[in-house]
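Undergrad: mind looking at a prediction? Sequence and model below.
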Amino acid sequence: MFKAIVNASTFQDALDSVSVLVDECKVRLNEDAFAIRAVDPANVGMVDLSLEAAAFESYEADGGVIGVNLARLEDIAGMASSDDLIHLELDEETRKLNIEMDGLSYTLALIDPGSIRQEPDIPDLDLPAEIILEGAQLGRGVTAADMVSDHIRLRVDGGEETFFVEAEGDTDDVDLELARSDLIDLAAGPADSLFSLDYLKDMDKAIPSDAEVTVELGEEFPVKMHYGFGEGLGNVTFMLAPRIQSD
Amino acid sequence: MFKAIVNASTFQDALDSVSVLVDECKVRLNEDAFAIRAVDPANVGMVDLSLEAAAFESYEADGGVIGVNLARLEDIAGMASSDDLIHLELDEETRKLNIEMDGLSYTLALIDPGSIRQEPDIPDLDLPAEIILEGAQLGRGVTAADMVSDHIRLRVDGGEETFFVEAEGDTDDVDLELARSDLIDLAAGPADSLFSLDYLKDMDKAIPSDAEVTVELGEEFPVKMHYGFGEGLGNVTFMLAPRIQSD
Amino acid sequence: MFKAIVNASTFQDALDSVSVLVDECKVRLNEDAFAIRAVDPANVGMVDLSLEAAAFESYEADGGVIGVNLARLEDIAGMASSDDLIHLELDEETRKLNIEMDGLSYTLALIDPGSIRQEPDIPDLDLPAEIILEGAQLGRGVTAADMVSDHIRLRVDGGEETFFVEAEGDTDDVDLELARSDLIDLAAGPADSLFSLDYLKDMDKAIPSDAEVTVELGEEFPVKMHYGFGEGLGNVTFMLAPRIQSD
């Protein structure tokens, strides 16, 4: 069984983080949290979302798994104003999710979870550098990099204690330099990896510009990005595989 | 002869109600009102617009009929700010309409009224149910229905004294339930009809979200929707033919 | 050598005035001003932009000429907020322009000036009529004319001391009439010329709506339009060749 009431903007933020990577996903209706793990079709980007039971106005679940068309669910949630409450209830017999808000009911047919790509195991990497910055700072680097290249390089210079976001185009280059004093925090360590800008742009779309984002980085290793939302009761981790350095 | 001065936003609201259904129309320049009746090419949706002489700053007319390219006239009226006054004057000799606002003159060539589809007779139906609600409430139902289907069902439950806006998709359903207390008023009666969503969406576009809309409904009968604008001196009636119930 | 610091919105206004006509241009890094002259590929519209050294927070230049991809440079400048400062520095060795703003560096490859269309000589015409009006007034005439025609006629009636912006379509006409009292100033003289609306629309895009624009006009002669920006330290002159009167 699953029955919950949630603030619309919290629920929308939760769905956004997953829908930038996949169109369909499995949702785990755990007793203590509404949780999604998903990986994109190319196995390059992963997301791990958890929205704790305490983030809901009310929450009852017993550990089931449902398959959901995310685009559909986002459209419905988007009908609500940000302060509205959304009521969710699983109809076990019809395998449909009933979604209600202020007089409006939507019956969403679920997808067989067996037909959805398997949930990824998000590896527990011990990455040597950690940068904490605002979502808007990361977004600025991504936008600038996108002007010149399809790739973006994230790098920490230990000596200078500085985080670099770099892109090299055919003729032009971009370089965003964020010193420790520009950042919320920096734990320097050997870190220099290249990533596909398309994926990072998608992830960046989901990250609120005022979110405090923790970026974990290594040398030619995946990057992990965490941020919280919904007063800290929602948590998202993105992981993105590196590209082989082209230079 | 025809010579009138009108507030830009009132005139824009008047034109909008017709342009959602047709591109060209006949305008009756009656002594007491500026009036348009039109039906869409498929004979499914009709509109009856009347803007009383008192809605104008000044109004002189003697009952002529002109043919107008509505899209053109809307573009011109759209050049005015909402508080501007628009001056209209018919040049009988050249068969052109002179439109002036704050130093800007536009000479609009008229269309031969004989070449425009005949004005419909809007039947005087005695429909058993009447619902009065805000434009925004109707719009919400239309938007939600559009997520799942091409059709929309409007229905009144006499026992519950409730107005239902419903749509059935291939897998998902939408249901907006508005009890008497959610509505401005409800006179229940046997009413259950299915409509093409495309038409209702177009009509809904013209209805201001704060307008008080009277919906008259029967069983597999056309729906009539009335609303006023311009301090009640403008009146619009839409009529939409039903679709045969698919279920 | 070239090294300068400039307010982002002043720099953006400067680039806009040229980019509406050409994609690439030569920039003269004069000791006393940052200057661009350019003509569109069809030799119909010209622009002469000058941004005085005093418009910059700091400015050092020795008269060099660089070739610039304007669309690229505008995109970069657009990354800055309007109050940000943009740092520009020419790297003579690599022939690249370094552009920096708040931690973000962009290295822009320059274009060989020899490969860019020659700078036009903007003729020193003594045009008989001069109209001074707000950018927004000109824009209103251009928008209205665009509803009916590809051409626009600018005309002064000496007797009435009135400036006319006119367009004749196949069936409809537009006429904006601005008397001396509607204008900032008018020095009447024989003036009546027809212009391509496409060019005038592009130029109008660059003209701020609150700019005081001086229009110089003659009979079947080019029109000159000047306006200042950046507290008068930036100056733009557009010149547009006439079309042969069609009527």
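TA: Sure, I can see it.
Undergrad: CA atoms for contacts and neighbours, from now on please.
TA: Fine.
Undergrad: quick check: residues of chain A near chain C?
TA: A:141, A:144, A:147, A:171-178 (C-alpha under 8 Å from any C-alpha of the partner chain).
Undergrad: what is the most widely separated pair among those?
TA: A:Thr171 and A:Leu178 (23.5 Å; C-alpha to C-alpha).
Undergrad: those two: which is more packed in?
TA: Neighbour totals were compared for A:Thr171 and A:Leu178, and A:Leu178 leads with 21 against 12 (other C-alpha atoms under 10 Å in any protein chain shown).
Undergrad: ok, what's across the strand from the more buried one?
TA: A:Phe163 (DSSP bridges).
Undergrad: what's the spacing between it and A:Gln137?
TA: To A:Gln137, A:Leu178 is 9 Å away according to C-alpha to C-alpha, to the nearest Å.
Undergrad: wait, A:Tyr59 sits on A:Asn7?
TA: No: A:Tyr59 is not in contact with A:Asn7 according to C-alpha atoms under 8 Å; the separation is 12.0 Å.
Undergrad: for the closest residue to A:Gly103 other than its chain neighbours, which residues are in contact?
TA: Leaving aside its sequence neighbours, A:Gly103 sits nearest to B:Glu177 (C-alpha to C-alpha, 6 or more residues apart in numbering or on different chains; 5.3 Å). The contact partners of B:Glu177, by C-alpha atoms under 8 Å, 6 or more residues apart in numbering or on different chains, come to A:103-105, B:162-165.
Undergrad: let's see if you can find the most crowded of these.
TA: For these, neighbours tallied by other C-alpha under 10 Å; top is B:Phe163, 26 neighbours.
Undergrad: give the contact list for it.
TA: B:131, B:154-157, B:177-180.
Undergrad: pick out the most distant pair among those.
TA: Across those (C-alpha to C-alpha), the longest gap, 15.0 Å, separates B:Leu154 and B:Arg180.
Undergrad: which one's more surrounded, the two?
TA: Taking neighbours as other C-alpha under 10 Å, B:Leu154 and B:Arg180 compare with B:Leu154 leading, 22 against 18.
Undergrad: isn't that one right up against B:Pro190?
TA: No: the criterion here is C-alpha under 8 Å, and B:Leu154 misses it with B:Pro190 at 11.3 Å.
Undergrad: go through the contacts of B:Glu177 and name the one nearest A:Phe2.
TA: Nearest member of the contacts of B:Glu177 to A:Phe2, counting by C-alpha to C-alpha, is A:Ser105, at 16.5 Å.
Undergrad: get me the contact residues on chain A for chain B.
TA: Going by C-alpha under 8 Å from any C-alpha, the residues of chain A near chain B are A:75-76, A:79, A:103-109.
Undergrad: give me the buried subset of those residues.
TA: Neighbour counting over these (16 or more other C-alpha atoms under 10 Å in any protein chain shown) leaves A:76, A:104-109 as the buried ones.
Undergrad: which of the residues of chain A next to chain B fall within strands?
TA: A:104-109 (DSSP state E).
Undergrad: now the residue lying farthest from the centre of chain A: how far from C:Leu108?
TA: Of all residues in chain A, A:Thr171 sits farthest from the chain's C-alpha centroid, using C-alpha atoms, centre = their mean; the distance is 32.4 Å. Taking C-alpha to C-alpha as the criterion, A:Thr171 is separated from C:Leu108 by 7 Å.
Undergrad: again, but for A:Thr237
TA: In terms of C-alpha to C-alpha, A:Thr237 sits 35 Å off from C:Leu108.
Undergrad: mind checking which helix or strand A:His226 is in?
TA: strand A:223-229 (DSSP states H and E).
Undergrad: strand partners (parallel or antiparallel) of that strand?
TA: strand A:212-217 (antiparallel), strand A:234-240 (antiparallel).
Undergrad: which residues are in contact with that strand?
TA: A:10, A:13, A:207, A:211-217, A:234-242.
Undergrad: how about stretch A:231-244?
TA: Applying C-alpha under 8 Å, 6+ apart, the set of residues contacting stretch A:231-244 is A:14, A:17, A:44-52, A:54-55, A:122, A:193-196, A:199-200, A:203, A:220-229.
Undergrad: any idea how far it is from the chain center?
TA: 5 Å (C-alpha atoms, centre = their mean, to the nearest Å).
Undergrad: and it, how far apart are its ends?
TA: First-to-last residue span, stretch A:231-244, C-alpha to C-alpha: 37 Å.
Undergrad: pLDDT averaged over it, what's the number?
TA: Computed over stretch A:231-244, the mean pLDDT rounds to 95.
Undergrad: can you list the buried residues in that stretch?
TA: Neighbour count says stretch A:231-244 has A:233-243 buried, by 16+ other C-alpha under 10 Å.
Undergrad: pick the one among those residues closest to A:Arg95.
TA: A:Gly234 (26.1 Å).
Undergrad: list the contacts for the residue nearest to A:Ala179 when sequence neighbours are not counted?
TA: If the residues on either side of it in the chain are set aside, A:Ala179 comes closest to A:Thr162, at 4.3 Å by C-alpha to C-alpha, 6+ apart. Contacts for A:Thr162 (C-alpha under 8 Å, 6+ apart) come out as A:156, A:177-180, A:186, A:188.
Undergrad: widest-spaced pair of the residues you listed?
TA: Taking C-alpha to C-alpha as the measure, the contacts of A:Thr162 have their most distant pair in A:Glu177 and A:Ala188, spaced 14.1 Å apart.
Undergrad: run through who's touching stretch A:65-73.
TA: A:15, A:19, A:22-29, A:108, A:110-113, A:116.
Undergrad: try it again with 10 Å
TA: A:12, A:15-16, A:18-20, A:22-30, A:35-36, A:76-78, A:90, A:95-97, A:99, A:106, A:108-116, B:147-148, B:172 (C-alpha atoms under 10 Å, 6 or more residues apart in numbering or on different chains).
Undergrad: could you do stretch A:110-123 as well?
TA: So stretch A:110-123 is contacted by A:22, A:24-27, A:36-41, A:43, A:46-48, A:65-69, A:90, A:94-97, A:222, A:224, A:237-239, B:171-172 (C-alpha under 10 Å, 6+ apart).
Undergrad: just the buried ones from those?
TA: Buried among those (16+ other C-alpha under 10 Å): A:22, A:24-27, A:36-40, A:46-48, A:66-69, A:90, A:95-97, A:222, A:224, A:237-239, B:172.
Undergrad: and the buried residues of stretch A:231-244 as a markdown table, adding distance to A:Leu85?
TA: Listed next are those as a markdown table, based on distance: C-alpha to C-alpha, whole Å:
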| residue | distance to A:Leu85 |
| --- | --- |
| A:Leu233 | 17 |
| A:Gly234 | 17 |
| A:Asn235 | 20 |
| A:Val236 | 22 |
| A:Thr237 | 25 |
| A:Phe238 | 27 |
| A:Met239 | 31 |
| A:Leu240 | 33 |
| A:Ala241 | 37 |
| A:Pro242 | 40 |
| A:Arg243 | 42 |
